[in-house]
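[1] Take a look and give me a structure for this.
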Amino acid sequence: MTSPAALLVSLGHQSGALCTLWAVAAPHPPHSPPQPSHTQTFRPAWHSLREETEVSEPGGALELEEEKSVPGKSLKDGDESGEISPPSPGEPRPERLAWPGLARCETLREMAVRSKLSRLVEATSQLVEIEQTLLLPLLQQHPLPLHPKDSIEFRNICSRMALQREGQQFEKDLHEAQQCLKTIIEKLICSLAVFPSDSCISVRFALRQILQNLLAM
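    Below is the predicted model of the structure:
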């Protein structure tokens, strides 16, 4: 198989992987909190609670006023400043209050995964563009040894990622996809190293930039 034909095969698999990565990196609306409609009016929580008390218990509002008028009687859950009293030793605490750092760690982990996925999408897009605009014309003059099987493996990994979307397996596949794309770029750089022409040097420089951005933390 000649170099241009091998590159076209690789480009086909890389383009398919890129389309899959675009779909995986798209935002997921179901995870977003529901937004109120434009016609919905804001009603304070205390106002709704008072209305429910008046409707469910005809004497509820009067009894509440009587309790407020009793000297020395205070709220159970806090004082007039709005501070919440700490729970008793035997009372269970909510998960977010008991472990405030847990939710924060999960958020940072998700941000790291999104950042890594974004770098992978950008690197793949740049690689496909360089191969189409610079490397393919160059191979007409300098046949190079290429490895389409790496691009096939890259596309297969991206397809697995599309089935997972999240979780440990997704993060594992994301790491493998990054390493596979890294291997593709490094092999291209090594193949171009045997030709000292200015065109090959410029392509190698562009590939190194992609590799640097892909692995950036």
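
[2] contacts, neighbours, all on C-alpha from now
    Noted.

[3] list the contacts for R119?
    Contact partners of R119, counting by Cα atoms under 8 Å, 6 or more residues apart in numbering, are 213-214.

[4] please renumber so the chain begins at 86
    Sure, I'll start counting at 86 from here, so that last one is R204.

[5] After the longest helix anywhere in the chain, heading C-terminal, what element do we hit next?
    Secondary structure of the chain per DSSP state H: the longest helix is helix 185-215. Using DSSP states H and E, the next helix or strand after helix 185-215 towards the C-terminus is helix 221-224.

[6] Which element is encountered next along the chain beyond that following helix?
    Assigned by DSSP H and E, the successor of helix 221-224 is helix 233-249.

[7] got the contact list for that next one?
    Counting by Cα under 8 Å, 6+ apart, 91-92, 94-96, 98-99, 101-102, 105-106, 108-109, 255, 258-259, 261-262, 265-266, 268-269 sit against helix 233-249.

[8] switch the cut-off to 6 Å
    By Cα atoms under 6 Å, 6 or more residues apart in numbering, the surrounding residues in contact with helix 233-249 are 95, 98-99, 102, 109, 255, 262, 265.

[9] Give me the helices and strands touching the helix or strand following that helix, please.
    Downstream of helix 233-249, the next assigned helix or strand under DSSP H and E is helix 253-277. Judged by 3 or more Cα pairs under 6 Å, 6 or more residues apart in numbering; DSSP states H and E, the packing partners of helix 253-277 are helix 233-249.

[10] quick check, nearest of the contacts of helix 233-249 to P230?
    For the contacts of helix 233-249, the minimum distance to P230 (Cα to Cα) is 12.2 Å, reached by S95.

[11] about what we covered before: tell me which two in the contacts of helix 233-249 are the farthest apart.
    Farthest apart among the contacts of helix 233-249 by Cα to Cα are S95 and F255. That separation is 23.8 Å.
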